[in-house]
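Visitor: okay, sequence plus prediction incoming.
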Amino acid sequence: SVEKDCYEAVLKPGALIRIKAPREMGKSSLMTRTLAYAESKGCRVVRLNFRAADRDILEDLDELLQWFCYSVTDELDLPDQLDTWAKNRLGLLRRSQRYFERYILAKISVTLVLGLDEVDQICKYPDVAIDFFSMLRVWHEASKDTQKWRKFHVVIAHTQDIDIPLEAKRSPFNVGTAIKLQEFNDTELHQLVNLHCVQLSST
């Protein structure tokens, strides 16, 4: 049921899926399957794990947004256009939006599905997190009115509630499709054990 919900949601224009689960509960695996399904339907897929970003990147909004834009560009094998970054007089969030519009979305003809794993890492730096997540919300809202943003889809995975002071209208965590993975019940646990041919003791 959860997989089916993700598969249906990820192909909708301007999709935003939020997968929440404790560590080692399968959220990354579900994201992997969802991205693979989207790719099988002709989408371009990029997956970023924020654990791969250095601390000095995560704690500085300018550095984070450049890392973010460059990483997506690199994964798509598109030319790096970050030399235009400092020349842009717009604010950092607007720079990122224009970068995606001009150098990423304009360069691909199909839907882009962006998987963002371990976004909890950004929350260690609340000021940065507020702006970054607000940006994602703006981009999601743009998909309702702008054709180019309708082909920008996002899958977010996180382990806990995002506990930062985000206004409701600026948060990406109250829109889109919410997927919350629960702990296994007894039936599911026995199915998993049988699947892996494991024997459990009664203690």
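Guide: On my side now, so go ahead. Worth saying up front: this structure is predicted, and the values here are computed from it rather than measured. Numbering: from 1, shown residues only.
Visitor: make it CA atoms for all contacts and neighbour counts henceforth
Guide: Noted.
Visitor: of all residues in the chain, which one is nearest the centre?
Guide: The residue lying closest to the centre of the chain (CA atoms, centre = their mean) is Leu116, at 2.8 Å.
Visitor: so that one is in contact with His153, correct?
Guide: No: with contact defined as CA atoms under 8 Å, Leu116 and His153 do not form a contacting pair (10.8 Å).
Visitor: surely Val46 is within a helix?
Guide: No: according to DSSP: H, G, I helix; E, B strand; the rest coil, Val46 belongs to no helix; its state is strand.
Visitor: measure how buried it is and give me the count.
Guide: Under the neighbour criterion other CA atoms under 10 Å, Val46 is assigned a count of 19.
Visitor: and it, what does it touch?
Guide: Counting by CA atoms under 8 Å, 6 or more residues apart in numbering, Val46 touches 72, 75-76, 112-115.
Visitor: secondary structure element holding the residue found closest to Trp85 once you drop the neighbours it is linked to in the chain?
Guide: In space, and not counting its chain neighbours, Trp85 is closest to Arg95: 7.1 Å by CA to CA, 6 or more residues apart in numbering. In the assignment (DSSP states H and E), Arg95 maps to helix 92-99.
Visitor: quick one: buried residues of that helix?
Guide: For helix 92-99, the neighbour count (16 or more other CA atoms under 10 Å) marks 92-93, 95-96, 98-99 as buried.
Visitor: any idea which element the residue lying closest to Pro172 once chain neighbours are set aside lies in?
Guide: Nearest non-adjacent residue to Pro172, counting by CA to CA, 6+ apart: Arg137, 4.7 Å away. Arg137 is part of helix 126-142 when elements are defined by DSSP H and E.
Visitor: list the helices and strands that helix packs on?
Guide: Judged by 3 or more CA pairs under 8 Å, 6 or more residues apart in numbering; DSSP states H and E, helix 126-142 is in contact with helix 61-75, helix 92-99, helix 147-150.
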